[in-house]
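Q: Based on what follows, work out the 3D shape:
(one chain, ligands or ions: 1)
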Amino acid sequence: MTTSTNGAFDRKPFIAGNWKMNMDHVQGITLLQKLAWTLSDAKHDYSRVEVAVFPPFTDLRGVQTLVQGDDLDVAYGGQDLSQFDSGAYTGDISGQFLSKLGCKYVLVGHSERRTIHNESDDVLNAKTKAAFKHGVTPVLCVGEGLEIRQAGTHVNHTLDQLRAGVAGLTDEQAAELVVAYEPVWAIGTGEVAGPEDAQEMCAAIRAELEKLFGADVAAKTRLLYGGSVKANNAAAILKERDVDGVLVGGASLDPAEFANIVRFESHLVTD
Ligand SMILES: O=C(CO)COP(=O)(O)O
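A: This next block holds a predicted model:
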């Protein structure tokens, strides 16, 4: 029996939950405990599918304690980081602090950071480099708004964001990088891009990475889709060749729903 996702798993599938500004540190612990119990009951094989959560900053210490204490195989990360290491940057969080808390990943350039906080491509490139500098893997988010999609320039727009975000990275960093394609019109709207839309963009992103860093690197970079992913649409999206995972918002706040997304393989048609 074989499953037919992302080139027969040459890249490990990555299922990530972005909690956004939800869950205080007490609620966050409960959510993670329930998720871990559900996955353990279902005998989830973490060596086949990687699971990560992105809680608010104030939850991270509690998440670290739980993960270490219960020896959970769940990675976690920050939702943002500063491009600077330390200093007079009130309200910002250094990649060094995330690293010290055991964060494996950090989101960079989520559309809500780009739009609400006006983060520019240059700043996001600096944040991507800051993450690597501190040993945290950036999940660089790219994607177009509705007007750009309707104008048909979504691929160019998204590739512009990609090129700006990865400028100056080494081949090794580009291979480790995770890129999340999140079309803004599909975030929190219930409007999900079809599997073929996700594949179209992820294939274009991989082709661009190949141009910039070569085929060996592009074959390693994991590409995610995000935007209204639920248990009932995840498997079809993840079946696409260039889609290596999903970045889930709303549905990651429900442990049963998120666990079902993590277990997407059980929904795939096998042959
Ligand atoms: O922004 C997202 C994940 O980062 C997607 O959010 P939703 O899954 O709630 O649409």
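Q: Tell me, how many residues neighbour the closest residue to Gly245 other than its chain neighbours?
A: What sits nearest to Gly245 in space, not counting adjacent residues and going by Cβ to Cβ, 6 or more residues apart in numbering, is Phe14, at 3.3 Å. Where you see a C-beta, it was placed from the backbone N, CA and C, and this is true even at glycine. Residues near Phe14, counting by other Cβ atoms under 10 Å, number 23.
Q: what does Asp122 give?
A: Count around Asp122 with other Cβ under 10 Å applied: 12.
Q: Quick one: residues contacting it.
A: Ala164 (Cβ atoms under 8 Å, 6 or more residues apart in numbering).
Q: so which helix or strand takes in it?
A: helix 121-133 (DSSP states H and E).
Q: roughly how far apart are the residue nearest to Gly245 and Glu176?
A: 12 Å (Cβ to Cβ, to the nearest Å).
Q: same deal with Ile29?
A: For Ile29 relative to Glu176 (Cβ to Cβ), the value is 29 Å.
Q: Mind telling me which residue of the protein is nearest the ligand?
A: Gly249 (2.2 Å; Cβ to the nearest ligand atom).
Q: Run a quick neighbour tally on that residue.
A: 21.
Q: Quick check, pLDDT for the nearest residue to it once chain neighbours are set aside.
A: If the residues on either side of it in the chain are set aside, Gly249 comes closest to Asn18, at 5.3 Å by Cβ to Cβ, 6+ apart. On pLDDT, Asn18 comes in at 98.
Q: For the protein, which element, helix or strand, carries the lowest mean pLDDT?
A: helix 6-9 (a mean of 49; mean pLDDT, DSSP states H and E).
Q: Going C-terminal from that helix, what's the next secondary structure element?
A: Next element after helix 6-9 (DSSP H and E): strand 14-18.
Q: buried sites along that following strand?
A: 14-18 (16 or more other Cβ atoms under 10 Å).
Q: In JSON lines, list those residues along with distance to the ligand.
A: Putting these into JSON lines (distance: Cβ to the nearest ligand atom, whole Å) gives the following:
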{"residue": "Phe14", "distance to the ligand": "13"}
{"residue": "Ile15", "distance to the ligand": "12"}
{"residue": "Ala16", "distance to the ligand": "8"}
{"residue": "Gly17", "distance to the ligand": "8"}
{"residue": "Asn18", "distance to the ligand": "4"}
